[in-house]
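Participant: what follows is a protein structure lacking sequence information:
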């Protein structure tokens, strides 16, 4: 199975969500939070698509890459899942490095909060990202879905109704 940036983000959020998403059970289309996030991404930087490139490497899609400055731009609605956002951008940096594109950095932009976070991936941390990819793949290839976490974060998850439907 191919691993994408979304898989890496879900690895850092919830193994169950990762497994469900990898097996074609997607709930993002039912989530107002996800819809709002997409709208923010599309409207906050309207001219970005003309200035930056969308690239795809081994099935991993990076929406906004400034090739001149070697900067990945990732737009997010909220900083609530910051660790997952940072991991996703680090994964993109690592994937580019695997293709010989070095010196890349990232910026996570939270337009609603008017905040930005710079992301770097020192070469000494490459092994961690490789481990994330392997861990994500192992979870995705399991025959059974990981158990429910029952954490506060679940309430705002697009999979909430799916996970808690039997309760």
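Facilitator: Arrived safely. Treat the numbers as computed from the prediction; the structure is a model and nothing was measured. Numbering: from 1, shown residues only.
Participant: okay but residue 1 is in contact with residue 141, surely?
Facilitator: Yes. Counting by C-beta atoms under 8 Å, residue 141 is a contact partner of residue 1 at 6.2 Å. Quick note: C-beta positions are derived from backbone N, CA and C, even for glycine.
Participant: quick check: which ranges of this structure have low pLDDT?
Facilitator: For the chain, the stretches with pLDDT under 70 are 28-50, 79, 167.
Participant: show me where it has strands.
Facilitator: 53-57, 60-66, 71-75, 105-110, 115-119 (DSSP state E).
Participant: one step back: who's more crowded, residue 1 and residue 141?
Facilitator: A count of neighbours by other C-beta atoms under 10 Å puts residue 1 above the other of residue 1 and residue 141, at 13 against 10.
Participant: give me the nearest residue to that one, chain neighbours excluded.
Facilitator: Distance criterion C-beta to C-beta, 6 or more residues apart in numbering; nearest residue to residue 1, sequence neighbours excluded, is residue 140 at 4.9 Å.
Participant: neighbours around the one you found, how many?
Facilitator: Neighbour count for residue 140, taken as other C-beta under 10 Å: 19.
Participant: now do the one 5 residues further on
Facilitator: Using other C-beta under 10 Å, residue 145 has 16 neighbouring residues.
Participant: for it, give its distance to residue 17.
Facilitator: Per C-beta to C-beta, to the nearest Å, residue 145 is found 10 Å from residue 17.
Participant: same thing with residue 118?
Facilitator: 27 Å.
Participant: more crowded one of these two?
Facilitator: Higher neighbour count among residue 118 and residue 17: residue 17, with 26 against 10, using other C-beta under 10 Å.
Participant: ok, now how distant is the nearest residue to residue 66 once chain neighbours are set aside from residue 150?
Facilitator: Residue nearest to residue 66 in three dimensions, not counting chain neighbours: residue 52, with 5.1 Å by C-beta to C-beta, 6+ apart. Taking C-beta to C-beta as the measure, residue 52 falls 40 Å from residue 150.
Participant: which one's more surrounded, these two?
Facilitator: A count of neighbours by other C-beta under 10 Å puts residue 52 above the other of residue 52 and residue 150, at 20 against 8.
Participant: and the angle for the lengthiest helix in the chain with strand 71-75?
Facilitator: Counting residues, the longest helix found in the chain (DSSP state H) is helix 82-98. Helix 82-98 and strand 71-75 are oriented at 150 degrees to each other (axes from the mean of the first three to the mean of the last three C-alpha atoms, to 10 degrees).
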